[in-house]
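>>> Turn this into a model:
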Amino acid sequence: MKQCHGLKFFSITVVCVLIIISLIPFCMSMSNKIFYVPDNFKTIQEAIDKAPSGSTIVVRDGFYRENIVIDIDKNDLTIKSEHGPKNTIICNAANESEAYIVEIMGDRIVFEGFTIINDKEFAVYGIKIASLSSIIRSNIIKGLYINTALILDSCRNLIIENNTLRETYNGISVDRSSYCRIANNLIIGMQGYGIRFRHNNDNIVVEGNDISTCLGDGINIGSLANGKIVGNVITGCVTGIRVESPGNAIYLNNFVANNQHVVIQLANTTWNSEPLDYIYDLKKYHGRLGNFWDNYKGVDNNHDGVGDTPYKISEAQYDRYPLMQLIKDYQIITLTTTPSPTPTTTPSTTTTTYTTPYTTSTTPKTSPSTTYSQTITSPSQPSFEGLEITIIVVIIIMIIISLIVFSKVRRKR
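Coordinates of the predicted model:
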């Protein structure tokens, strides 16, 4: 009889152990929360709707005709292509104008590696973002039937980086946003503006972008306070930069072959950096640096790379430290541009590089060689969601049942 009870206990224990072991891989796979389109879900939208917070959605190569909405209650998601934007295309499916191909309203979203197009003969918008702490990177948005490629509305702590915007009507529109970073994007062939700020923006960095051949303004500062426009290359635009809002710093930019480099309506703009260390012509210097203007006629008698006479921008505005060469010829040793409270930029002794799994545009060749490192915090991912917690509870119950059975067997003995 004792042997029978012992055998029964042993059998129950073995079954419980086998169940627990079989659940471990499932639990681990769910904790990773990586879903594939179209393997796990047929469409990108279905994956977004059904994936729990903290998930990564990987989209296989292909052509996806859909309009995507990441709603306000969908947070902490990464949506990325498997092999980059040239292989993964999202095409407008809407049959009316003024639609958004992608609309992001959730917070802490990473959206990267897609080509966004519209093949219909009416204008729609590319990506609209109304989000906190999200990252939009390494995408291609192209085509004349896209009105504005990227729209930022009421965003905070947003990073827009390494995107290519080509021959859409407008490039990037920024409204009511703060503490954002627009960096290392290629913006080319706009019918209107490259980047425009309007409606109460604050503390935004525009850095390392290559903006060319815009039939309007390369950059339009309509409403921006405490902004930094640094290290950009603005070429071949009707107007390089239009300044209608005071209180911003514009330095270390190249202004080349624009019909008019600057149109300024309000003064009180800073056209140079704070004192910094830099290397020019193999020698180290300390001082302020302005911008490169291709029509500057001054001289540099002390050979420090800075013109000896100011560059006149308007009757009230001067760049007092104009650069003698393109900004690629200046190696900046210390430079901090990231607006707090976004991830801080820590000075170091290594040259900045921006790396992504696939590159749609690189840092422009004429950007300054800066020696600071950048840290970007990806959206946080919760350790456990409802399903994982349920599995753990079930495992604990099984262990308790095993202990109870074992106790009863011992008492019967």
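>>> CA atoms only for the helix or strand that contains Asn203 - export them in CSV, please.
Using DSSP states H and E, the element containing Asn203 is strand 201-207. Provided in CSV are the C-alpha atoms of strand 201-207 (Å, rounded to 0.1, in the frame of the first residue of the first chain):
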residue,chain,number,x,y,z
ASN,A,201,8.0,75.3,-29.9
ASP,A,202,10.7,75.3,-27.3
ASN,A,203,14.2,73.7,-26.8
ILE,A,204,14.6,71.9,-30.1
VAL,A,205,17.9,70.9,-31.6
VAL,A,206,18.3,70.7,-35.4
GLU,A,207,21.7,69.2,-36.0
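>>> Parallel or antiparallel, which strands does that strand pair with?
Partner strands and pairing direction for strand 201-207 (DSSP bridges) are strand 178-183 (parallel), strand 224-225 (parallel), strand 228-230 (parallel).
>>> Columns distance to Glu112 on top of those strands, output as a markdown table?
Heads up, the C-betas are built off the backbone N, CA and C, glycines and all. What follows is the strands paired with strand 201-207, written out as a markdown table (distance: least, C-beta to C-beta, whole Å):
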| stretch | distance to Glu112 |
| --- | --- |
| strand 178-183 | 14 |
| strand 224-225 | 26 |
| strand 228-230 | 24 |
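>>> most neighbours per residue, which of these?
strand 228-230 (a mean of 25; mean count of other C-beta atoms under 10 Å).
>>> so what secondary structure elements neighbour the helix or strand just after it?
With elements assigned by DSSP H and E, the helix or strand that comes after strand 228-230 is strand 233-235. Under the contact criterion of 3 or more C-beta pairs under 8 Å, 6 or more residues apart in numbering; DSSP states H and E, strand 233-235 touches strand 210-212, strand 254-256.
>>> taking those together, which one is wrapped up most tightly?
Most buried among those, counting by mean count of other C-beta under 10 Å: strand 210-212, with a mean of 25.
>>> Contact partners for the nearest residue to Trp271 once chain neighbours are set aside?
Beyond its immediate neighbours in the sequence, the residue positioned closest to Trp271 (C-beta to C-beta, 6 or more residues apart in numbering) is Asp319, lying 4.1 Å away. If you count contacts by C-beta atoms under 8 Å, 6 or more residues apart in numbering, Asp319 has them with Trp271, Asn272, Gly290, Asn291, Trp293, Pro310, Tyr311, Ile313.
>>> Let me know the closest of the residues you listed to Thr168.
Ranked by distance to Thr168 (C-beta to C-beta), the contacts of Asp319 are led by Asn291 at 26.7 Å.
>>> Show me where the protein has its helices.
2-32, 44-50, 386-412 (DSSP state H).
>>> Save the helices and strands packed on strand 233-235 as JSON lines, and put in mean pLDDT too.
Shown next, in JSON lines, are the helices and strands packed on strand 233-235 (pLDDT from 0 to 100):
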{"stretch": "strand 210-212", "mean pLDDT": "98"}
{"stretch": "strand 254-256", "mean pLDDT": "98"}
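>>> right, and those strands - which one's nearest Tyr145?
Among these, strand 210-212 comes nearest to Tyr145, with 21.0 Å by C-beta to C-beta.
>>> ok, residues contacting the closest one?
171, 185-189, 194-195, 218-219, 232-237, 361, 364, 366-367.
>>> and if we set it to 10 Å?
164-165, 171-172, 184-190, 193-195, 217-219, 232-237, 240-241, 253-254, 256-258, 361-367 (C-beta atoms under 10 Å, 6 or more residues apart in numbering).
>>> Now do it: distance to the chain's middle.
A distance of 18 Å separates the centroid of the chain from that of strand 210-212, by C-alpha atoms, centre = their mean, to the nearest Å.
>>> For that strand, which strands pair with it and how are they oriented?
Sheet partners by DSSP bridges: for strand 210-212, these are strand 186-188 (parallel), strand 233-235 (parallel).
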